[in-house]
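**Q** A structural model of the following input is requested.
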Amino acid sequence: MTRITRSTEDRALFGICGGIAGHFGISSFLVRLVFLLTPASPLIYLILGMLIPEKHTSLYERN
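**A** Presented below is the predicted three-dimensional model:
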């Protein structure tokens, strides 16, 4: 089972929405839309930014 990581490619601030979208195979636009429509989203986003690790890629994994 893979862990959710912050995206290094699809990011606006911390890469939280891009990481969640990449993990579940959905559009990052939809994840961002959900965060915009959720009342407590700034607090949730900051907490996730501190808890979710950033995705680390080696030179061999990049295309």
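**Q** ok, residue 31 touching residue 20?
**A** Yes - in terms of C-beta atoms under 8 Å, residue 31 counts as a neighbour of residue 20; the distance is 5.1 Å. C-beta coordinates here come from the backbone N, C-alpha and C atoms, glycine included.
**Q** buried residues in stretch 41-60?
**A** 48, 52, 55 (16 or more other C-beta atoms under 10 Å).
**Q** what distance separates that stretch from the centre of its chain?
**A** How far stretch 41-60 lies from its chain's middle: 6 Å, per C-alpha atoms, centre = their mean, to the nearest Å.
**Q** same check, this time on stretch 17-36
**A** 7 Å.
**Q** hang on, the earlier thing: could you tell me which of the buried residues of stretch 41-60 belong to helices?
**A** residue 48 (DSSP state H).
**Q** low-confidence stretches in the protein?
**A** In the predicted model, the chain carries pLDDT under 70 at residues 1, 57-63.
**Q** those helices in it, which residues are they?
**A** 16-24, 28-37, 41-51.
**Q** need those in CSV (columns: distance to residue 8).
**A** Below are those laid out as CSV (distance: least, C-beta to C-beta, whole Å):
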stretch, distance to residue 8
helix 16-24, 9
helix 28-37, 13
helix 41-51, 14
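**Q** now for the ones you listed, which one comes closest to residue 6?
**A** Closest to residue 6 of these is helix 16-24 (C-beta to C-beta; 4.5 Å).
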